[in-house]
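Asker: heads up, no residue letters with this:
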């Protein structure tokens, strides 16, 4: 609040204890050659983790879970607010911040969609590119202030390593692999050798030049932690069982192929000609399994007992298994969705679940989404807005801030229940502002004149037809009159009250 902006305190006369005011410990982050070595699994350690995450995000269970969270984040509206008590003082700067949102080479929503990739990969470095606001430089304005040209994501798979200072306590910047599109042929490429010089194939971006969005930054890890790490083990097993199931189906439908050959073709001391025949028939079986060959021609050769020396048959491998592969896959799918806070996506698909259960689970998802929106908001205000004000020479003591709107819109059914129940006991005033708010919730293009008196407003409103509040006013359970409730509470039979 405004009265808390300044305090009139000064140092006291008591003895001051001897204590170091600086840092004594360390983050404990394991770094080797600029690479973070916190993860014990090689597949989840950067930069190898990028390949793992890209394979995982193609999974049929993971893809919609990630898309849902990112879609919900990207659809939230953003606007500028002014701290209470500073409305007049910061009005023009708030307008400036609103202008900045619409004066970039891309729209603000595009930036949010790029930044929210930290939900997928654990982190997202976004470079801040500024410019003077002149129309000949592409700006809509011509006031000479410093605005934003673009907020550009530096793709996670191009980040090679990190640079730290202060004995590993502070992040100084990152090294990005330069990947410039080229029209050269494949044969024109040469071996890439890491070169961190100014003219090399790696570019150093200082920390003050980029915002760093992170998910769960334990130990102040610049790479954060991807939500995919929590479901990696379940994904591996699920993928393995899916492959096993596919192989089983192929074998069950095509049968297990058996080819009988004379033993002299398969012995270790067979002649070169016989070994070549054996390898030839192995290739034939492989091609038949892959449906590359439609048939097989065998020589009609018999032994002294008139038995065929070459014989081919297909054996059925169908039968009852001791485990249900589909149930195992469903189990791991459920674990994956739970780890990603998206298990509500499967409610009803297996005949279970309810509306109330889905509603509670969606509330949990919205809490997770809110934490990610808070991360975006924090970087926008603490990093981008603060630096933008400093570049323009303005005070950063009190600033307007970017904030986000509602994550999920309450349904009209829930709003109507709330209004009916509160109005029934006289808790909703019949005022023009209240009526206009109700109109806004239903997107009704009509506004009541807010200068109307209560009497004038009552003439415009539809006469009351519901008597749902009479029972609450005069008694129960009969609903009206002077009932004292001695006949029981019939309201418990109303499902809307449960």
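Answerer: All right, it came through fine. Fair warning: this is a prediction, and the values are worked out from it, not measured in the lab.
Asker: Now do stretch 37-56, average pLDDT.
Answerer: The average pLDDT for stretch 37-56 rounds to 90.
Asker: again with stretch 93-101
Answerer: 96.
Asker: Run through who's touching that stretch.
Answerer: 78-82, 108, 140-141, 145, 147-148, 385, 388-389, 394, 399-400, 402 (Cβ atoms under 8 Å, 6 or more residues apart in numbering). C-beta: built from backbone N, CA, C; applies to glycine.
Asker: So which bits of that stretch are buried?
Answerer: 93-94, 96-97, 99-101 (16 or more other Cβ atoms under 10 Å).
Asker: Of all the strand elements in this protein, which one is longest?
Answerer: strand 123-132 (DSSP state E).
Asker: tell me what it is packed against?
Answerer: helix 108-115, strand 146-153, strand 210-214, helix 386-391 (3 or more Cβ pairs under 8 Å, 6 or more residues apart in numbering; DSSP states H and E).
Asker: In the buried residues of stretch 93-101, find the pair that's most separated.
Answerer: Farthest apart among the buried residues of stretch 93-101 by Cβ to Cβ are 93 and 101. That separation is 13.4 Å.
Asker: Adding distance to residue 407, write the helices and strands packed on strand 123-132 out as TSV.
Answerer: TSV is the format used below for the helices and strands packed on strand 123-132 (distance: least, Cβ to Cβ, whole Å):
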stretch	distance to residue 407
helix 108-115	13
strand 146-153	22
strand 210-214	18
helix 386-391	25
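Asker: In the stretch 201-350 of the chain, mark out all the helices, start to finish.
Answerer: Here the stretch 201-350 of the chain has its helices, by DSSP state H, counting those that start in this stretch, at 232-254, 272-289, 325-339.
Asker: ranking these by burial, who's on top?
Answerer: Compared across those, helix 325-339 shows the largest average neighbour count, a mean of 17 (mean count of other Cβ atoms under 10 Å).
Asker: tell me the mean pLDDT for stretch 390-398?
Answerer: 94.
Asker: how far is that stretch from where the chain is centred?
Answerer: How far stretch 390-398 lies from its chain's middle: 33 Å, per Cα atoms, centre = their mean, to the nearest Å.
Asker: Between the two ends of that stretch, what distance do you get?
Answerer: Length of stretch 390-398, first residue to last, Cα to Cα, to the nearest Å: 12 Å.
Asker: Can you give the contact residues for that stretch?
Answerer: For stretch 390-398, contacts defined as Cβ under 8 Å, 6+ apart pick out 5, 83, 86, 89-90, 93, 130, 145-146, 386, 389.
Asker: buried set for that stretch?
Answerer: Applying 16+ other Cβ under 10 Å to stretch 390-398 flags no residue as buried.
Asker: all strands of this structure, in order?
Answerer: 31-32, 35-36, 78-81, 123-132, 146-153, 159-165, 170-177, 202-206, 210-214, 256-260, 311-315, 401-404.
Asker: Show me the shaky parts of this protein.
Answerer: 1-6, 180-200, 250-256, 289-292, 294, 315-323, 345-362, 408-409, 463-498 (pLDDT under 70).
Asker: Check the gap between the residue most central in space within it and residue 25 for me.
Answerer: Nearest residue to the geometric centre of the chain (Cα atoms, centre = their mean): residue 119, 3.9 Å. From residue 119 across to residue 25, the span is 30 Å (Cβ to Cβ, to the nearest Å).
Asker: How about residue 86: what's its closest non-neighbour residue?
Answerer: Distances taken as Cβ to Cβ, 6 or more residues apart in numbering place residue 398 nearest to residue 86, at 5.6 Å, with adjacent residues excluded.
Asker: now do residue 296
Answerer: The nearest residue in space to residue 296 (Cβ to Cβ, 6+ apart) is residue 312, at 5.6 Å.
Asker: returning to what we had before: generate a ChimeraX selection restricted to the buried entries among the contacts of stretch 390-398.
Answerer: Here is the ChimeraX command that selects the buried residues among the contacts of stretch 390-398 (16+ other Cβ under 10 Å):
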select :86,90,93,145,146,389
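Asker: Identify, from the contacts of stretch 390-398, the entry nearest to residue 156.
Answerer: residue 130 (23.3 Å).
Asker: list the contacts for the nearest residue to the closest one once chain neighbours are set aside?
Answerer: Closest residue to residue 130 apart from its sequence neighbours, by Cβ to Cβ, 6+ apart: residue 146 at 5.4 Å. Neighbouring residues of residue 146 by Cβ under 8 Å, 6+ apart: 130-133, 388, 391-392.
Asker: Then residue 310?
Answerer: With Cβ under 8 Å, 6+ apart, residue 310 has these contacts: 259-262, 298-301.
Asker: And it, how far from residue 258?
Answerer: With Cβ to Cβ as the criterion, residue 310 and residue 258 are 12 Å apart.
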